[in-house]
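Peer 1: coordinates only, no sequence provided:
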C-alpha cells in the first residue's frame, strides 16, 4: 500500500518513529548538488509571483522557536501560508507546559503525535535539529542551531547573489564560478557563516573571510575558504560583501572586544571602504543589523544594498524548503509563466 502523506507515528524498526513523506533539512550537507539547484531554481521562479498554487493545502507546519527570531520566524510563516499550509507556533514559554516542568523534548514529541507534517526548529543547542529527526515523525527543518548551521539563510543568500549576478541556479556547481565573496565580522559564532561557508564554495564561488581576533579562527575554516587579516584586504575586488553582526549572546565572557565606535573604525563597512570592492559589488546582511557597528547607514540603505531583497527571497526559499519537507517540491512552478497568476489562471 502506498505511503500516505499523513502516515501515523507508530514505531518502526529499532523503535524509530515512522517518518512522514518528505525530507529533512538540518544542514547544507543534507542536500546534493541537484537538490540545491532545484531549491534555488524553484525559489527564484516563485519569488515575485502574486498568486501561487496552494501545494501545501491540508498540511500542518509547527514553528518551534526556542530563541528570539523576527525575520526567520515570520519568513517561514509567510512561506507556509502562501502555499496553503496551516501554521502553529510553540516557543516553550511561560504559557506552555514548560512552566510545569515538562522537558522541551517531551513537549515536541507530544506535539508531533498530533500529526504535524513538518517542524521548523530554532534552538541554542548544537545538532538539535538532527537529534529530532531520530525521534519525530514530522520532517525537521533547521532554522538555526547553536553556532553550527542556518541552512535556509545560506540558500537565500545564494539565491540573492545568483539573481544579482545574472547567473543560472540550474548551473549547480558552476552557478557562482568567478564570483568573489567577502564575509566579514563574527565568523566563529555565526551559524549563518557556518552554512554559508559550506554552500557558497560548492556553487563555485571564491570565498574570503575577515574578522577581529576571537571572532575568526583561521585554523577552523574549510579548505576552500581564504582568510584575510583585515576587512580592507578582504574587500579588494569583491563582487559580494556580506557583513555579520557580533553574536554577543554567544560570546564567551572572557572575550574582550573594542567598543562600538572602535569596532566600526576598523571593521565596519563604510562607503569609502566599499569603493575598494568591484564596481558592481552588492552588499548583504542576514540581520539584525547593528548600524554604526559592522555597517554604516549609507551602505545599508545605499544602491548596492540587497538586504531587503534577501528578505523577499527568504520567503521564496522557505516556500521551496517547506515544499521539499512535505514531499511537494516538484509541484512548485518552475518559472513565472507556469504558475497560477489569477483566480481563473489568467
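Peer 2: Thanks, I have it. In this text the structure is predicted, and so the values were computed from the model without any measurement. Residues are numbered from 1 along each chain as shown.
Peer 1: isn't residue 88 right up against residue 65?
Peer 2: No - checked against C-beta atoms under 8 Å, the pair residue 88 and residue 65 is beyond contact range at 11.9 Å. From N, CA and C alone the C-beta is placed, and that goes for glycine too.
Peer 1: more crowded one of those two?
Peer 2: residue 65 (19 against 13; other C-beta atoms under 10 Å).
Peer 1: any regions of the stretch 101-250 of the chain where pLDDT drops low?
Peer 2: Within the stretch 101-250 of the chain, no stretch has pLDDT under 70.
Peer 1: all strands of the stretch 201-346 of the chain, in order?
Peer 2: Here the stretch 201-346 of the chain has its strands, by DSSP state E, counting those that start in this stretch, at 206-210, 225-227, 240-243, 282-284.
Peer 1: mind listing the strands the first one pairs with, and their directions?
Peer 2: Same thing as strand 206-210. strand 180-184 (parallel), strand 225-227 (parallel) (DSSP bridges).
Peer 1: got the buried residues for that strand?
Peer 2: If you call a residue buried by 16 or more other C-beta atoms under 10 Å, then strand 206-210 has these buried ones: 206-210.
Peer 1: of all those, which comes closest to residue 219?
Peer 2: Relative to residue 219, the closest of these is residue 209; by C-beta to C-beta it sits at 12.6 Å.
Peer 1: how close does that closest one sit to residue 241?
Peer 2: 12 Å (C-beta to C-beta, to the nearest Å).
Peer 1: next one: residue 304
Peer 2: Residue 304 is 8 Å from residue 241, by C-beta to C-beta.
Peer 1: equivalent analysis for residue 86, please.
Peer 2: 39 Å.
Peer 1: the two: who's more crowded?
Peer 2: The neighbour comparison of residue 86 against residue 241 (other C-beta under 10 Å) goes to residue 241, with 26 against 15.
Peer 1: that one touches residue 278, doesn't it?
Peer 2: No - contact criterion C-beta under 8 Å: residue 241 and residue 278 do not qualify, at 9.4 Å.
Peer 1: which residues sit against stretch 126-136?
Peer 2: 16-17, 19, 24, 26-27, 105, 108-109, 112, 119, 121, 123, 140-142, 145-148 (C-beta atoms under 8 Å, 6 or more residues apart in numbering).
Peer 1: likewise stretch 227-236?
Peer 2: 182, 184, 208-210, 216, 218, 221, 241, 266-269, 273-274, 276-277.
Peer 1: can I see the domain layout of the chain?
Peer 2: 13-149+314-338, 151-309 (automatic domain parsing).
Peer 1: now residue 144: phi and psi?
Peer 2: The phi and psi torsions at residue 144 (degrees, to the nearest 10) take the values phi 120, psi 120.
Peer 1: what is the burial count for it?
Peer 2: 26.
Peer 1: can you check residue 145 too?
Peer 2: 27.
Peer 1: and what of residue 143?
Peer 2: Residue 143 has 28 nearby residues by other C-beta under 10 Å.
Peer 1: report whether it is found in a helix, as I expect.
Peer 2: No - using DSSP: H, G, I helix; E, B strand; the rest coil, the assignment for residue 143 is strand, not a helix.
Peer 1: now it: closest residue in space that isn't a chain neighbour?
Peer 2: Excluding the flanking residues, the one nearest residue 143 by C-beta to C-beta, 6 or more residues apart in numbering is residue 122, at 4.2 Å.
Peer 1: who does the helix or strand containing that neighbour touch, helix- and strand-wise?
Peer 2: Here residue 122, judged by DSSP states H and E, is contained in strand 118-123. Here strand 118-123 touches strand 60-65, helix 71-82, helix 104-112, helix 128-133, strand 139-145, going by 3 or more C-beta pairs under 8 Å, 6 or more residues apart in numbering; DSSP states H and E.
Peer 1: what about 10 Å?
Peer 2: strand 60-65, helix 71-82, strand 86-90, helix 104-112, helix 128-133, strand 139-145, helix 307-325 (3 or more C-beta pairs under 10 Å, 6 or more residues apart in numbering; DSSP states H and E).
Peer 1: what angle separates it from strand 86-90?
Peer 2: Going by axes from the mean of the first three to the mean of the last three C-alpha atoms, to 10 degrees, strand 118-123 is angled at 30 degrees with respect to strand 86-90.
Peer 1: partners of strand 118-123, with directions?
Peer 2: Sheet pairing for strand 118-123, using DSSP bridges, gives strand 60-65 (parallel), strand 139-145 (parallel).
Peer 1: nearest to residue 251, of those strands?
Peer 2: Closest among these, using C-beta to C-beta: strand 139-145, at 16.6 Å.
Peer 1: how far out from the middle of the chain is that closest one?
Peer 2: The chain centre lies 9 Å from the centre of strand 139-145; the measure is C-alpha atoms, centre = their mean, to the nearest Å.
Peer 1: how far off helix 71-82 does that strand point, in degrees?
Peer 2: Going by the same axes, to 10 degrees, strand 139-145 makes 150 degrees with helix 71-82.
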